[in-house]
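In: Quick one: sequence and predicted model below, then my questions.
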Amino acid sequence: MTTGDIKPAHDFIRDIIRRDIQTNKYDGRVHTRFPPEPNAYLHIGHAKSIYINFSIANEFNGLCNLRFDDTNPTKEEQEYIDAIIRDIRWLGFDWGDRLHYASDYFEQMCEYAVQLIQKGKAYVDELTAGEIREYRGTLTEPGKQSPYRERPIEENLDLFKRMRAGEFPDGSYVLRAKIDMDSPNMNMRDPVMYRILRARHPRTGDKWCIYPMYDWAHGLEDSIEGITHSICTLEFEDHRPLYDWFLDELGIYHPQQIEFARLNITYTVMSKRLLLKLVQDKSVRGFDDPRLPTLSGLRRRGYTPEVIRNFCQHTGVAKANTTIDVAFLEHCLREDLNQKAQRVMGVLRPLRLVIDNYPEDQVEEFDAMNNPEDHATGTRKVPFSRVLYIEQDDFREEPPPKYYRLAPGREVRLRYAYFITCVGITKDERSGEIVEVHCTYDPATRGGDASDGRRVKSTLHWVSARHALEAEVRLYDLPFSKENPMDVEEGTDFRAYFNPNSLEVLTSCRVEPALADVPSGSRYQFERMGYFCVDPDSSPGKLVFNRIVSLRDTWLKIQKQQE
RNA sequence: UGGCGAGUUGUGUAGCGGUAGCACGAAGGACUUUGAAUCCUUUUACCCAGGUUCGAAUCCUGGCUCGCCAGCCA
């Protein structure tokens, strides 16, 4: 697959928009928006929505707004506003001067509410929350009308004014739309429009003590901003008749809502509420934990914005609920990083290797390619000496079938350096653990080629013990052990499937000296091991890398087959 | 047993009355100074049953299955 290709974007949303342009429905205009509630960090599911809204606007010469849906101050915080802005910028999207807030429209919304009251289409109710729930009926039984439903218009006007003025305690009154308590659509059974809520709002402070409900506010926000296509997720499908009702009763500009299926990925959870739980119970270290599908987590892990954009583009847009295989995300990662990441040698689990016939004090430098996918990146020098570290996995005393790496008596290549042959091992007398491998090298293979045409079956990465830098490497595995962690057995919680081995910290890794001053966030391929990103915890004295993703590993597959 | 929506290979997606395509995955092979990358080959699908039609994944009818909805959350 070539995720870099430009797909002739053709999905049901773009079909609708093309049709609307042809019929001149909105004077040919296309104006979308991404409307997050600032109550949590964004995750890759949001990235899909962001991608759809911004790229559609871009494709059709339209605009896309960023609008915070800040209608519930009990859950929303400035920290989230800041994080969301940072994440969308990082993804590479720009909303120009069109950063809006639902709270900018509170006054206008109140005026609309008064209009509805005046039309006899809204009333102040004083049923308790519990009573409202009872009166609403169930999915199969119709609701009952509130005894306050037929209050005179003047009284409603007065009460609503006093609700706003702060004359009543929290929860004592609500403003409800007067629609249809018998509707088979629960959303139409006189939904609440305003509640009394004394909470400090991140932007309006204590100015308001009544706040609009999402269902009331959302359609108005889109209308006020002149949005043409209000793209949202499937669960809002049966709210659409309600938005339509509000807009039509008010007689104001009417965008078209289009719903698409939200993104799911195997072995993770894609819900703000659940991600918050993992953070709160310290299963992970924060919203930016590299195991989480949050944008800040993926960024810290080492994802590039391009990976996420490609992924979003190629997962498509549809109305059927689907779950993408996490392997596809990893594919997108490797595809991008393979092009971009500088190659380097790093040993994760070091095993001492001594070249018996190499002069004690000699040091050589070999030229290593920075990126074979991009020769313009040039080469660097890698020091070589008598004592090296190789990967523990790259030596077996008793090699299994199809194992090509180093074993007693076997010859392999050290990348860019020499052919070496294993001539012996040293074991710890007590534990029996191999502590050192002894080899001889063939000076005629300098640079890694045998002039006599001799071949070896494998090439190992290595670092010079004297020159290597110590590093910490954090290995990540899937955050959950179950394909769908939401599919919980009774009495358990999705956290029962949290993968306790999703983080493994290796503290005695060795990397080549070229990595001495790497900046936080830079990405490398440790040859044969995977892609790694410098963590913010890293410093020149104490390097810390996150493994972004391993390389595809054929040997691992062979081993699994052999089991 | 109310309403809304959705069913194309293991996964995701195309198709819009005329040979079911693409990508991921999987399996095999070529190449290889990364068991990577790259290249080649193979593999499996139209939810079911009727109907319309020369011809149906596509249109019609009926069923089945799955998702969402009973916050003063969004």
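Out: Arrived safely.

In: all helices for chain A, in order.
Out: Taking DSSP state H as the criterion, chain A contains helices spanning A:12-22, A:44-59, A:78-91, A:106-118, A:129-135, A:153-165, A:214-224, A:240-250, A:272-280, A:295-301, A:305-315, A:326-340, A:554-562.

In: now these as JSON lines including mean pLDDT?
Out: Output for these, formatted as JSON lines (pLDDT from 0 to 100):
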{"stretch": "helix A:12-22", "mean pLDDT": "95"}
{"stretch": "helix A:44-59", "mean pLDDT": "98"}
{"stretch": "helix A:78-91", "mean pLDDT": "98"}
{"stretch": "helix A:106-118", "mean pLDDT": "98"}
{"stretch": "helix A:129-135", "mean pLDDT": "98"}
{"stretch": "helix A:153-165", "mean pLDDT": "98"}
{"stretch": "helix A:214-224", "mean pLDDT": "98"}
{"stretch": "helix A:240-250", "mean pLDDT": "98"}
{"stretch": "helix A:272-280", "mean pLDDT": "95"}
{"stretch": "helix A:295-301", "mean pLDDT": "98"}
{"stretch": "helix A:305-315", "mean pLDDT": "97"}
{"stretch": "helix A:326-340", "mean pLDDT": "98"}
{"stretch": "helix A:554-562", "mean pLDDT": "93"}
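
In: Export the ones you listed as CSV, with columns for mean neighbour count and distance to A:Ala444.
Out: (C-beta placed from N, C-alpha, C; glycine too.) Converted to CSV, these look like this (neighbours: other Cβ atoms under 10 Å; distance: least, Cβ to Cβ, whole Å):
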stretch, mean neighbour count, distance to A:Ala444
helix A:12-22, 15, 63
helix A:44-59, 22, 52
helix A:78-91, 17, 51
helix A:106-118, 18, 81
helix A:129-135, 13, 85
helix A:153-165, 16, 90
helix A:214-224, 22, 74
helix A:240-250, 18, 76
helix A:272-280, 16, 57
helix A:295-301, 23, 44
helix A:305-315, 21, 44
helix A:326-340, 18, 33
helix A:554-562, 11, 29
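
In: which non-adjacent residue is nearest A:Ala496?
Out: The spatially closest residue to A:Ala496, leaving aside those adjacent along the chain, is A:Val488, at 7.0 Å (Cβ to Cβ, 6 or more residues apart in numbering).

In: quick one: the one you found from A:Lys482, how far?
Out: Noted for A:Val488: a distance of 9 Å to A:Lys482, by Cβ to Cβ, to the nearest Å.

In: What sits closest to A:Ile231 if chain neighbours are left out?
Out: Leaving aside its sequence neighbours, A:Ile231 sits nearest to A:Ile258 (Cβ to Cβ, 6+ apart; 5.2 Å).

In: Which parts of chain A belong to which domain?
Out: Domain assignment for chain A by automatic domain parsing gives A:12-265, A:272-302+A:319-342+A:471-562, A:346-468.

In: can these go into TSV with extra columns for distance to A:Asn310?
Out: Formatted as TSV, those follow (distance: least, Cβ to Cβ, whole Å):
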stretch	distance to A:Asn310
domain A:12-265	10
domain A:272-302+A:319-342+A:471-562	5
domain A:346-468	17
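
In: Tell me where chain A is predicted with low confidence.
Out: Where chain A drops to pLDDT under 70, the residues are A:1-9.

In: list the contacts for the residue nearest to A:Leu406 when sequence neighbours are not counted?
Out: Leaving out its chain neighbours, the residue that sits closest to A:Leu406 by Cβ to Cβ, 6+ apart is A:Phe395, at 4.6 Å. Applying Cβ atoms under 8 Å, 6 or more residues apart in numbering to A:Phe395 gives the contacts A:Leu351, A:Leu353, A:Arg405, A:Leu406, A:Ala407, A:Cys422, A:Ile434, A:Val437.

In: Ok, A:Pro147 next?
Out: Counting by Cβ under 8 Å, 6+ apart, A:Pro147 has contacts A:Leu127.

In: How far does stretch A:245-254 sit from its chain's centre?
Out: 36 Å (Cα atoms, centre = their mean, to the nearest Å).

In: I'd say the residue nearest to A:Ile231 and A:Arg14 touch.
Out: No. A:Ile258 is beyond contact range of A:Arg14, at 10.1 Å (criterion: Cβ atoms under 8 Å).

In: Between A:Val488 and A:Lys482, which contacts overlap?
Out: Between them, A:Val488 and A:Lys482 share the contacting residues A:Tyr497, judged by Cβ under 8 Å, 6+ apart.

In: Report whether stretch A:255-264 contacts RNA strand B.
Out: Yes. Under the criterion of Cβ under 7 Å from any atom of the strand, RNA strand B is reached by stretch A:255-264 at A:Ala261.

In: Give me the contacts around that stretch.
Out: Outside stretch A:255-264, the residues that touch it by Cβ under 8 Å, 6+ apart are A:12-13, A:16, A:20, A:25, A:44-45, A:48-49, A:52, A:219, A:222-223, A:226-234, A:236-237, A:240, A:243, A:270, A:312, A:315, A:317-324.

In: Which ones among those residues also lie next to RNA strand B?
Out: A:12, A:234, A:236-237, A:315, A:317-324.

In: Check these for burial and list the buried ones.
Out: A:Phe236, A:Thr315, A:Val317, A:Ile324 (16 or more other Cβ atoms under 10 Å).

In: What count of nearby residues applies to A:Ala199?
Out: 14 (other Cβ atoms under 10 Å).

In: swap that for A:Arg466, sorry
Out: A:Arg466: 14 neighbours (other Cβ under 10 Å).

In: How much space separates it from RNA strand B?
Out: A:Arg466 is 21 Å from RNA strand B, where distance means Cβ to the nearest atom of the strand, to the nearest Å.

In: if I pick the nearest residue to that residue once chain neighbours are set aside, what's in contact with it?
Out: Distance criterion Cβ to Cβ, 6+ apart; nearest residue to A:Arg466, sequence neighbours excluded, is A:Ser385 at 5.4 Å. When the contact criterion is Cβ under 8 Å, 6+ apart, the partners of A:Ser385 are A:Tyr358, A:Gln362, A:Val363, A:Glu364, A:Ser464, A:Ala465, A:Arg466, A:His467.

In: List the residues that contact A:Pro142.
Out: A:Met181, A:Asp182, A:Ser183.

In: now A:Gln145: how far from RNA strand B?
Out: Going from A:Gln145 to RNA strand B by Cβ to the nearest atom of the strand gives 15 Å.

In: Could you show which parts of the stretch 101-250 of chain A are in contact with RNA strand B?
Out: Going by Cβ under 7 Å from any atom of the strand, the residues of the stretch 101-250 of chain A near RNA strand B are A:127-129, A:132-133, A:136-140, A:170-172, A:174, A:184-187, A:191-192, A:195-197, A:211, A:213-215, A:218, A:234-239.

In: switch the cut-off to 6 Å
Out: Residues of the stretch 101-250 of chain A found near RNA strand B (Cβ under 6 Å from any atom of the strand) are A:128-129, A:132-133, A:136, A:138-140, A:171, A:174, A:184-186, A:192, A:195, A:213-214, A:235, A:237-238.

In: Can I get the buried part of these as one ChimeraX selection?
Out: Here is the ChimeraX command that picks out the buried ones among those, judged by 16+ other Cβ under 10 Å:
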select /A:132,136,174,192,195,213,214
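
In: ok and the residue in the stretch 351-500 of chain A nearest RNA strand B?
Out: Going by Cβ to the nearest atom of the strand, RNA strand B is nearest to A:Gly448 of the stretch 351-500 of chain A, at 2.2 Å.
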